[in-house]
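**Student:** Following is a predicted model, sequence given first.
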Amino acid sequence: MVSLILSVLFQFNTLFGLFLYTVTMLLLSSTFQQYSRLYEKLENDKVYIEQLLNSLPIGLITIDDSKSSHFINDSAATLLHLEKKEIKQRIEQKKKNDHNISFWDLFMQREPFRQVKVKYEKNGKKKIFLVSQSNVLNLYGEKVGRTIFFLDITEIEELTKRMHQSEKLALMGEMAAKAAHEIRNPLAVIHGFLAFMNENLHERDREQYHIPLLLQEIDRINAIVEDMLLIAKPSAPVMKEAYMETIVQDVLSLFQQTLEAKNIRVHVRLDRVPLSIDPKQMMQVLYNLLYNSIEAVGKDGTICLYSDVGETYNMYVYDSGSGIPTHIQETIFEPFITTKSSGTGLGLTIVKRIIENHGGTIALHDSSEQGTTFVIKLPIRR
């Protein structure tokens with residue numbers, strides 16, 4: 001339109017038309033230059049905001065309802081172990097067979113929510129996210145979208161569990177210390193009288209009054225008290241250089257008759273690596289684990305002990321038993337948790353305490369109907 005007007009002016013007054021054309025072009029050039037600077041500033045601000053959001057350690061996903069667009073920061077892709085395109089597809093197309101359906105369901109909610117704990121699993125790694133959602137408002141206070149942000153609290157949850165475990169152990173230790181003095185003295189008196197009766201009574205009288213059974217049950221009570229004291233006041237390990245293979249052979253010799261009677265095959269394949277450990281305490285650890293394995297296998301089974309070496313010395317104890325029930329797998333190391341009718345539920349608690357005193361860890365590596373595997377990780381002092 002400006003060009004048309006100027007062409008008409010050129011016909012009537014050339015100089016005025018040229019002047020007006022020059023002024024118009026200068027004004028337009030100045031206007032476009034200002035818009036260009038404004039656009040460049042907006043682009044720089046946008047890049048800065050994106051860099052700022054990408055640098056946050058929390059996952060952040062913004063959904064623009066008006067444009068049906070998404071912004072996904074780098075932390076979200078890292079935490080979810082997915083590409084940004086995959087995340088967008090999961091949000092738009094919810095899969096019914098997705099095992100993380102409880103996490104993706106949160107993106108379907110339109111109303112704000114705060115600090116919802118949800119489990120997430122990817123590539124065999126289990127995480128716990130703390131998820132919140134808030135509305136995105138425009139200049140007029142109108143809702144134009146939503147922002148979902150989530151934080152990985154897996155380590156915090158693990159730390160909380162360990163704190164609760166420590167509180168339980170501390171409480172049980174205090175109870176054990178008090179109970180020991182109250183129980184052991186009368187227990188020793190009762191055991192002494194029963195032992196005296198067992199030696200002096202006629203065999204018929206001993207069977208009539210079940211003296212051997214009473215002695216057996218008192219020994220069992222005494223064993224529980226001893227285990228509680230061991231948890232309450234564990235002795236510091238006396239470190240020596242030793243080989244795990246040697247300790248395993250010593251423990252297996254204690255079970256030799258039982259293994260032969262139950263026809264249980266034992267395979268040992270351990271790397272010969274010198275470790276700084278307390279041989280006596282480590283012998284107690286292996287005794288408890290092998291005793292549990294023998295009980296789980298029953299007859300005609302297999303027990304395997306093998307290892308691999310990396311940053312730590314990793315020893316695996318496998319048995320071909322029926323496995324540990326799913327509902328107690330997460331609490332198997334807590335006090336008084338057991339699957340055996342005659343068990344005290346303190347063996348694995350003691351084992352874990354000893355391993356942790358050595359600077360290592362023990363965990364349930366795998367358990368199913370095909371068998372159970374525990375893994376012990378001990379530091380290698382180079």
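**Tutor:** In hand now; what should we look at? All of these numbers come straight from a predicted model, not from anything done at the bench.
**Student:** burial of Phe150, as a residue count?
**Tutor:** Neighbourhood size, Phe150 [other Cβ atoms under 10 Å]: 24. The way it works is simple: take the backbone N, C-alpha and C, and place the C-beta from them, glycine included.
**Student:** just Ile183 next, same as before
**Tutor:** 16.
**Student:** Now do the same for it: helix, strand or coil?
**Tutor:** helix (DSSP: H, G, I helix; E, B strand; the rest coil).
**Student:** According to the record, where do the domains of this protein fall?
**Tutor:** 2-53, 56-152, 157-233, 239-382 (automatic domain parsing).
**Student:** Pick the most deeply packed of these.
**Tutor:** Greatest average neighbour count among those goes to domain 239-382 (a mean of 16), per mean count of other Cβ atoms under 10 Å.
**Student:** In this structure, where's the longest strand?
**Tutor:** Secondary structure of the chain per DSSP state E: the longest strand is strand 125-137.
**Student:** So Asp300: helix, strand or coil?
**Tutor:** coil.
**Student:** give me every residue that touches it.
**Tutor:** Residues in contact with Asp300, defined by Cβ atoms under 8 Å, 6 or more residues apart in numbering, are Lys262, Asn263, Ile264.
**Student:** And the strands in the stretch 51-200 of the chain?
**Tutor:** 59-64, 69-72, 113-122, 125-137, 143-152 (DSSP state E, counting those that start in this stretch).
**Student:** The third one pairs with which strands?
**Tutor:** Sheet pairing of strand 113-122 (DSSP bridges) gives strand 125-137 (antiparallel).
**Student:** List the contacts of the strand it pairs with.
**Tutor:** 59, 62, 64, 79, 81, 103, 106, 109, 111-121, 143-154, 157.
**Student:** pretty sure Val266 is touching Leu259, no?
**Tutor:** Yes. If you go by Cβ atoms under 8 Å, Val266 and Leu259 touch, sitting 6.3 Å apart.
**Student:** list residues touching both of these two?
**Tutor:** Joint contacts of Val266 and Leu259 (Cβ under 8 Å, 6+ apart) are Leu252.
**Student:** how far away is Gln370 from Thr331?
**Tutor:** As for Gln370, its distance to Thr331 is 22 Å (criterion: Cβ to Cβ, to the nearest Å).
**Student:** could you give me the average pLDDT of stretch 31-46?
**Tutor:** In this model, stretch 31-46 has an average pLDDT of 82.
**Student:** ok, now stretch 310-319?
**Tutor:** 93.
**Student:** mind checking how far that stretch is from the chain centre?
**Tutor:** 18 Å (Cα atoms, centre = their mean, to the nearest Å).
**Student:** Quick check: Ile277 vs Leu305, distance?
**Tutor:** 16 Å.
**Student:** ditto for Leu215
**Tutor:** Applying Cβ to Cβ to Leu215 and Leu305 gives a distance of 35 Å.
**Student:** where along the stretch 201-350 of the chain do the strands fall?
**Tutor:** Using DSSP E, counting those that start in this stretch, strands in the stretch 201-350 of the chain cover 240-242, 265-269, 275-277, 302-309, 312-319.
**Student:** Which of the ones you listed sits closest to Glu43?
**Tutor:** Glu43 sits nearest to strand 312-319 of all those, at 50.4 Å, using Cβ to Cβ.
**Student:** List of residues touching that closest one?
**Tutor:** With Cβ under 8 Å, 6+ apart, strand 312-319 has contacts from 244, 270-271, 273, 275, 286, 289-290, 292-294, 296-297, 301-308, 360, 365, 371-380.
**Student:** check contacts around Ile380.
**Tutor:** Going by Cβ under 8 Å, 6+ apart, the list of residues near Ile380 reads Val273, Leu275, Val309, Glu311, Thr312, Tyr313.
**Student:** can you pull the contacts of the second one?
**Tutor:** Just to be clear, that refers to Leu275. Neighbours of Leu275 in contact, by Cβ under 8 Å, 6+ apart: Glu241, Ala242, Tyr243, Met244, Tyr313, Leu378, Ile380, Arg381.
**Student:** any idea how far the second one lies from Val375?
**Tutor:** Same thing as Ala242. 20 Å.
**Student:** what's the answer for the fourth one, then?
**Tutor:** Look at Met244 and Val375: by Cβ to Cβ, they are 13 Å apart.
**Student:** And for the fifth one?
**Tutor:** Distance from Tyr313 to Val375, counting by Cβ to Cβ: 11 Å.
**Student:** Repeat that for Ile156.
**Tutor:** 24 Å.
**Student:** before we move on, what about Leu139?
**Tutor:** Taken as Cβ to Cβ, the span from Leu139 to Val375 is 58 Å.
**Student:** now Leu194
**Tutor:** 43 Å.
**Student:** Arg206 now?
**Tutor:** Taken as Cβ to Cβ, the span from Arg206 to Val375 is 47 Å.
**Student:** Contacts only, for Leu60.
**Tutor:** Applying Cβ under 8 Å, 6+ apart, the residues near Leu60 are Leu53, Phe71, Ile72, Asn73, Ser75, Ala76, Thr147, Ile148, Phe149.
**Student:** hmm, 6 Å instead?
**Tutor:** Residues near Leu60 by Cβ atoms under 6 Å, 6 or more residues apart in numbering: Leu53, Asn73, Phe149.
**Student:** pretty sure the first one contacts Asn73?
**Tutor:** This means Leu53. Yes. The pair Leu53 and Asn73 qualifies as a contact (Cβ atoms under 6 Å) at a distance of 4.7 Å.
**Student:** wait, Val297 sits on Cys304?
**Tutor:** No. Counting by Cβ under 6 Å, Val297 does not reach Cys304; the two are 11.2 Å apart.
**Student:** And the contacts of Ile380, which two are furthest apart?
**Tutor:** Leu275 and Glu311 (13.7 Å).
**Student:** Report the beta-bridge partners for Leu130.
**Tutor:** Lys117, Leu151.
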